[in-house]
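>>> coords please:
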Amino acid sequence: MESPKFEVFKQASKIATKPPTTEEIFLAIFLIFGFILFFIVLPYFVFRKYKEHISKKTFYQLAINNYNLEPDEIEFLWELSKEFNIEPNLLVTSYATFQKTIFKYVKKHGIENLKLIASLRSKLGFNKLPEFVPLSTTMDIDLYQPVVVIIGDEHYDGAVFENNEQYWAVSFIKAEPRHLHPGEEVIVSFIRPNDGRYIITAKVLEVTHQKKHLVAKLEHTDKLEKIQLRAYIRWPVNIPCKFAYFPLKYISTGKSLDDIISKLEFYDGIIKDISVGGIKLCVDEAEEKLKKIKEGSYILVSFYLDDTPFENIICEVVRTIKNPFSKGLCYGCAFVDLPKQYQQRIQQFIWEEQRKIIRLYKEGVS
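Predicted structure coming up:
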């Protein structure tokens with residue numbers, strides 16, 4: 001006869017090895033999903049909503065206090081940031097981010113909220129791009145920018161006549177293409193100082209006549225081909241300097257630089273732009289002696305860049321530029337073996353000037 005304990009063990013074994021019923025399986029799955037939902041998904045969702053609430057509140061404060069935006073403008077930017085998955089603060093602080101996002105918005109929604117976008121541009125100071133900042137879309141192109149329009153094998157001079165969220169338009173200045181129709185593609189080329197040459201393939205949306213000129217309205221694009229023209233950025237300045245014609249034959253005499261300098265005749269000039277690679281030096285009236293300074297000649301230049309003295313810097317004249325309306329003359333000069341500390345000082349100066357412009361630009365002053 002089996003003991004009571006063994007009988008209990010047998011019954012327990014049967015229960016333990018008994019397969020679960022369908023109801024029990026669904027109950028277990030329900031409990032697991034309930035646990036995941038209550039302890040993982042729900043807290044994460046609440047955290048995300050709380051984080052979004054804080055982010056939105058911070059963004060609203062920034063937009064109101066720093067940019068004086070209206071509630072509908074702020075809400076538009078906030079929804080824009082969510083739709084295109086962009087950090088909202090970048091829409092009010094970064095020209096490139098704002099421009100690219102508006103480009104995508106107009107592509108997707110057409111002419112909705114154009115007045116609102118124009119108001120935002122004005123308040124954020126995003127009406128004009130500093131010339132050293134690269135273009136991100138054709139919306140960035142300045143009005144009256146001279147361009148060359150290439151249609152087939154023919155080239156036509158023109159200028160940007162209009163630029164808004166819907167299209168940009170080129171007015172032909174001299175010769176006009178006889179057969180230009182909507183749907184055609186044209187190539188537009190132009191140079192931006194301190195940036196580069198841009199080559200853009202654009203689709204013609206409409207061809208009209210305005211103010212007796214043929215105007216081609218073109219579709220916006222963010223596919224811009226850029227060719228860098230210079231190794232270094234040239235920055236416009238107005239720096240007084242002293243310079244002298246410096247015949248290299250003097251060096252072969254074995255005399256010290258001080259002895260050579262004492263024999264040179266120095267002139268007053270103005271440095272009109274500067275880069276790590278060289279300067280543009282101009283004189284209001286070129287004396288006869290200065291006319292002997294030709295391309296390939298060398299000059300010695302001294303000037304101050306802020307508080308930093310640049311003394312007796314050797315430059316090679318790479319081109320001469322005559323002013324047809326005056327007796328003035330300019331020399332495009334390349335530095336010869338400029339010491340590294342001077343190169344770094346020029347680069348630092350340009351960076352500082354760029355930051356000043358960008359800061360003013362973001363504040364809507366420039």
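>>> Now do stretch 87-101: distance to the chain's middle.
12 Å (CA atoms, centre = their mean, to the nearest Å).
>>> Could you do stretch 294-304 as well?
Computed by CA atoms, centre = their mean, the chain-centroid distance of stretch 294-304 equals 33 Å.
>>> Just the C-alphas of the host helix or strand of residue 348, formatted as CSV.
Taking DSSP states H and E as the criterion, residue 348 maps to helix 340-362. This file holds the C-alpha atoms of helix 340-362, laid out as CSV (Å, rounded to 0.1, in the frame of the first residue of the first chain):
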residue,chain,number,x,y,z
LYS,A,340,54.1,80.6,-40.3
GLN,A,341,53.3,82.9,-37.4
TYR,A,342,52.2,85.6,-39.9
GLN,A,343,50.1,83.1,-41.8
GLN,A,344,48.3,82.0,-38.6
ARG,A,345,47.7,85.7,-37.6
ILE,A,346,46.1,86.4,-41.0
GLN,A,347,43.9,83.3,-40.7
GLN,A,348,42.9,84.2,-37.2
PHE,A,349,42.0,87.8,-38.3
ILE,A,350,39.8,86.4,-41.1
TRP,A,351,38.1,83.9,-38.8
GLU,A,352,37.4,86.7,-36.2
GLU,A,353,36.0,89.0,-38.9
GLN,A,354,33.8,86.2,-40.3
ARG,A,355,32.5,85.4,-36.8
LYS,A,356,31.6,89.1,-36.3
ILE,A,357,29.7,89.1,-39.6
ILE,A,358,27.9,85.9,-38.8
ARG,A,359,27.0,87.1,-35.3
LEU,A,360,25.5,90.3,-36.7
TYR,A,361,23.8,88.3,-39.5
LYS,A,362,22.1,86.1,-37.0
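>>> Mind checking the pLDDT average for that helix?
With pLDDT averaged residue by residue, helix 340-362 scores 81.
>>> ok, which stretches of the stretch 151-300 of the chain are helices?
257-262 (DSSP state H, counting those that start in this stretch).
>>> quick one, strands of it?
Under the criterion DSSP state E, counting those that start in this stretch, the stretch 151-300 of the chain carries strands at the ranges 154-163, 168-172, 185-192, 196-210, 213-218, 225-227, 235-245, 266-274, 278-283, 298-305.
>>> Report all helices and strands that the first one contacts.
The criterion is 3 or more CB pairs under 8 Å, 6 or more residues apart in numbering; DSSP states H and E, and the helices and strands that strand 154-163 contacts are strand 146-151, strand 168-172, strand 213-218. For the C-beta atoms, the positions are set from N, CA and C on the backbone; glycine is no exception.
>>> now the fifth one
Secondary-structure packing of strand 213-218 (3+ CB pairs under 8 Å, 6+ apart): strand 154-163, strand 168-172, strand 185-192, strand 196-210.
>>> and residue 270, which of those strands is closest to it?
Closest to residue 270 of these is strand 185-192 (CB to CB; 24.2 Å).
>>> strand partners of the closest one, parallel vs antiparallel please.
Using DSSP bridges, strand 185-192 pairs in its sheet with strand 146-151 (antiparallel), strand 196-210 (antiparallel).
>>> List the buried residues in it.
The neighbour-count check on strand 185-192 (16 or more other CB atoms under 10 Å) flags 186, 188, 190, 192 as buried.
>>> Just want the angle from it to strand 213-218.
100 degrees (axes from the mean of the first three to the mean of the last three CA atoms, to 10 degrees).
>>> before we move on, back to that, can you list the residues that contact the helix holding residue 348?
The list of residues contacting helix 340-362 from outside it, by CB atoms under 8 Å, 6 or more residues apart in numbering, reads 93, 95, 124-125, 128, 130, 132-133, 233, 235, 274-276, 305-306, 308, 310, 313, 335, 366.
>>> now stretch 92-111
Contact partners of stretch 92-111, identified using CB under 8 Å, 6+ apart, comprise 62-63, 66-67, 69, 77, 80-81, 83-84, 86-87, 90-91, 117, 120, 124, 126, 129, 133, 136-137, 139-140, 165-166, 220, 222, 361-362.
>>> Which of these fall within helices?
62-63, 66-67, 77, 80-81, 83, 90-91, 117, 120, 124, 361-362 (DSSP state H).
>>> of these, buried ones?
Using 16+ other CB under 10 Å, the buried members of the ones in helices among the contacts of stretch 92-111 are 62, 63, 67, 77, 80, 81, 91, 117, 120, 124, 361, 362.
>>> of all the residues you listed, which comes closest to residue 321?
Taking these together and measuring to residue 321 by CB to CB, the closest member is residue 361, at 29.8 Å.
>>> want to throw the strands of the stretch 151-300 of the chain into TSV with mean pLDDT?
Below are those laid out as TSV (pLDDT from 0 to 100):
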stretch	mean pLDDT
strand 154-163	91
strand 168-172	95
strand 185-192	91
strand 196-210	92
strand 213-218	94
strand 225-227	85
strand 235-245	91
strand 266-274	92
strand 278-283	92
strand 298-305	93
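>>> which one of those strands lies closest to residue 327?
When these are compared by CB to CB, strand 278-283 sits nearest residue 327, at 8.8 Å.
>>> Run through the neighbouring helices and strands of that closest one.
Taking 3+ CB pairs under 8 Å, 6+ apart as the contact cut, strand 278-283 packs with strand 266-274, strand 298-305, strand 308-322, strand 329-335.
>>> repeat that for 7 Å
Secondary-structure packing of strand 278-283 (3 or more CB pairs under 7 Å, 6 or more residues apart in numbering; DSSP states H and E): strand 266-274, strand 329-335.
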